[in-house]
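Enquirer: prediction below, plus the sequence it came from.
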Protein chains: 2
Amino acid sequence: MKKLINDPADVVADALRGMALAHPELRVDHENRVVFRGEGPRQGKVGLVSGGGSGHEPMHGGFVGRGMLDAACAGEVFTSPVPDQMVAATQGVDGGAGVLHIVKNYTGDVMNFEMAAELVAAESGAEVVTVVVDDDVAVTDSLYTAGRRGVGTTVLLEKIVGAAAEEGRPLAEVADLARRVDDAGRSMGMALTSCTVPAAGKPTFDLPEDQMEIGIGIHGEPGRRRVPLAPAREVAEMLVEPILSDLAFTGGEGVICFVNGLGATPLLELYVLHAEVAALLDKAGVGIARSLVGPYMTSLDMAGATVTLLRCDDELLRLWDAPVVTPGLRWGA
Amino acid sequence: MKKLINDPADVVADALRGMALAHPELRVDHENRVVFRGEGPRQGKVGLVSGGGSGHEPMHGGFVGRGMLDAACAGEVFTSPVPDQMVAATQGVDGGAGVLHIVKNYTGDVMNFEMAAELVAAESGAEVVTVVVDDDVAVTDSLYTAGRRGVGTTVLLEKIVGAAAEEGRPLAEVADLARRVDDAGRSMGMALTSCTVPAAGKPTFDLPEDQMEIGIGIHGEPGRRRVPLAPAREVAEMLVEPILSDLAFTGGEGVICFVNGLGATPLLELYVLHAEVAALLDKAGVGIARSLVGPYMTSLDMAGATVTLLRCDDELLRLWDAPVVTPGLRWGA
């Protein structure tokens, strides 16, 4: 295993130390492994909390800041945070207007966030609403999931819903918006190589030199099928076709097209893939309103990419364009 | 070779198409393979042009925009752009106040930028000043270089000097500032794996499973030595010690500490390394004024990292903090 780490058991704690040092505008609670905005909760603003297993950086800690999340819980690598972390995050961001939990659809995450919401309700009475993201069209019921997995739409949702919360909208509206974004987003991924979990010390799965996996999950969960290596334009087809078959993306104000790198795929290749995805969307009559290309939701050192399309109306685009100041996404302020 | 590309011969053209689609605020001259700011040259502003071989994205095209570069020339992978590209870039950004060429110290780049400057002088009379970046402490005289190689300081220099040009400062001042930044920056890198140039189809060098290379160049040029794999805290020592031995970093207003990923190393690991680098700097009495952690100067799909320290005074920090709006670096606007 070739990694820039110390003891595999310390990798999350060590990375959070580095993150705190690199981003002094954030406040990292090292005991609970929660990344908070430095300025604390704003009275009357809905608090946004997300989190999940580590190994997907910058998601979610890198999306904490103005216009996006208020807190993110970091679990062990590819392992859900525990309810106590979520309780600490929820209480730490509560500004009296309630808290939205944004949860990717993995059984452990869903269960622990549910338990945390109950604990918070019992302890402090803060109102918590949970929205589960389940946008991955690849498979239904996967290694760690009942239903569809939650992947790339999560990043877009955190940005859009974060902007709405920043405007001071009430919890019910913010939660409705989150559900609307989840309904309008679809994703599909592929891997050229496996990733290696530090504590395991060896690749999660074997993928022969001449093959790739289509429909991969962000923890290396099996996808739809293994196929021989193919040019980027064919890979784009294998990712875009299932997305377009699953939801009508024409009409509206076009899509946010998110081409995401899984950790070991360089930006050069992501741009090549983006060009091919854009050509397919053009052929299908789907307009690209905005693009996001880069490693925003990674899977440790996996080589591969995911494509997410989010069908937008004017409101979603306006919220997407609103200022955001986080380590991972930053514009307009 | 596992890559998300089409024909290896088309990778740069394909990636530039994707980049143009992802960043409509830029203008890409596909014929000359030059990325320009969309708004064109501003009268009276010094134009900043850089460029080099592709495969280091987001450097340099991703650093074009307000507060940073005016244009970047993209060569073939790991191959200098040709003088005609540099001439097109220079003439395209000339707002009457002259143009600064920012050149990493590789023999081909230096020669071609020199030829371009002569061609521009002969054709249009635009004044061109060239600054060569040579900050890599690993080796003197390398595979493609006489003297020290130009690496991570280039990113910091483009940001700082870009801010000064944006303020309307004259060419001589902007060039002096660039030389001052180069003098104050030092870098050192390491690789866990080789990279693979698409046209070659196989790794540039072999690196056994239990070894890493200390002092690697960003094209896979040999470093100082191969050593057994070691924890991040020891890797940090191997990178920081040669930098601190080469230049006094105490005093002043502290350093910009830039921990850069070489393409296949995920952010999780870069944060781990950053924490170790910060601990060593603390022990050495070197204050960190600002941090930059992420894949900003890559080497295709190489796993590894570089550390750059830039000794700052108040002016450099003010220019670093000034607004920048590029695909790769963005804040304050």
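Expert: That came through, no problem. Residues are numbered from 1 along each chain as shown, chains lettered A, B, ... in the order given.
Enquirer: going forward, measure contacts and count neighbours with C-alpha atoms only.
Expert: Fine.
Enquirer: which residues does residue A:75 contact?
Expert: Residues counted as contacts of residue A:75 (C-alpha atoms under 8 Å, 6 or more residues apart in numbering or on different chains) are A:12, A:33, A:51-54, A:81-82.
Enquirer: and those residues, which two are the farthest apart?
Expert: A:12 and A:82 (14.1 Å; C-alpha to C-alpha).
Enquirer: tell me the mean pLDDT for stretch A:298-313?
Expert: If you average the pLDDT over stretch A:298-313, you get 98.
Enquirer: ditto for stretch A:179-191
Expert: 98.
Enquirer: buried ones in that stretch?
Expert: Using 16 or more other C-alpha atoms under 10 Å in any protein chain shown as the test for burial, stretch A:179-191 gives A:179, A:181-191.
Enquirer: burial count for whichever residue of chain A sits closest to chain B?
Expert: Nearest residue of chain A to chain B: residue A:264, at 3.6 Å (C-alpha to the nearest C-alpha). If you count neighbours by other C-alpha atoms under 10 Å in any protein chain shown, residue A:264 ends up with 27.
Enquirer: cool, residue A:223 as well?
Expert: Residues lying near residue A:223 (other C-alpha under 10 Å) number 18.
Enquirer: over to it: give its phi and psi.
Expert: With angles defined as degrees, to the nearest 10, residue A:223 sits at phi -100, psi -140.
Enquirer: around chain B, pick out the residues from the stretch 51-200 of chain A.
Expert: With C-alpha under 8 Å from any C-alpha of the partner chain as the criterion, the stretch 51-200 of chain A comes near chain B at residues A:55-58, A:192.
Enquirer: can you pick the most crowded of these?
Expert: residue A:55 (31 neighbours).
Enquirer: got the contact list for it?
Expert: A:77-78, A:298-300, B:268.
Enquirer: go with 10 Å
Expert: With contact taken as C-alpha atoms under 10 Å, 6 or more residues apart in numbering or on different chains, residue A:55 is in contact with A:11-12, A:74-79, A:195, A:197-198, A:218-219, A:263, A:297-301, B:266-269.
Enquirer: TSV please, covering the buried residues of stretch A:179-191 and showing secondary structure and distance to residue A:235.
Expert: Formatted as TSV, the buried residues of stretch A:179-191 follow (DSSP: H, G, I helix; E, B strand; the rest coil; distance: C-alpha to C-alpha, whole Å):
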residue	secondary structure	distance to residue A:235
A:179	helix	29
A:181	helix	26
A:182	helix	24
A:183	helix	25
A:184	helix	23
A:185	strand	20
A:186	strand	17
A:187	strand	14
A:188	strand	11
A:189	strand	10
A:190	strand	8
A:191	strand	10
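Enquirer: show me where the stretch 1-150 of chain A has helices.
Expert: Applying DSSP state H, counting those that start in this stretch to the stretch 1-150 of chain A gives helices spanning A:11-22, A:83-93, A:107-123.
Enquirer: out of these, nearest to residue B:206?
Expert: Among the helices of the stretch 1-150 of chain A, helix A:11-22 sits nearest to residue B:206 (C-alpha to C-alpha), with 27.4 Å.
Enquirer: the closest one - contacts with which helices or strands?
Expert: strand A:26-29, strand A:34-37, strand A:47-54, strand A:71-77, strand B:255-261, helix B:267-283, strand B:288-294 (3 or more C-alpha pairs under 10 Å, 6 or more residues apart in numbering or on different chains; DSSP states H and E).
Enquirer: change it to 7 Å
Expert: Here helix A:11-22 touches strand A:26-29, helix B:267-283, strand B:288-294, going by 3 or more C-alpha pairs under 7 Å, 6 or more residues apart in numbering or on different chains; DSSP states H and E.
Enquirer: break chain A down into its domains, please.
Expert: With automatic domain parsing as the criterion, the domains of chain A are listed as A:11-184, A:185-331.
Enquirer: narrow the contacts of residue A:55 to just the buried residues.
Expert: By 16+ other C-alpha under 10 Å, these give A:11-12, A:74-79, A:195, A:197-198, A:218-219, A:263, A:297-301, B:266-269 as buried.
Enquirer: thought residue A:299 was touching residue A:221?
Expert: No - counting by C-alpha atoms under 7 Å, residue A:299 does not reach residue A:221; the two are 10.9 Å apart.
Enquirer: sorry, back to before: farthest pair in the residues of the stretch 51-200 of chain A next to chain B?
Expert: Checking those with C-alpha to C-alpha, the most distant pair is A:58 and A:192, at 20.8 Å.
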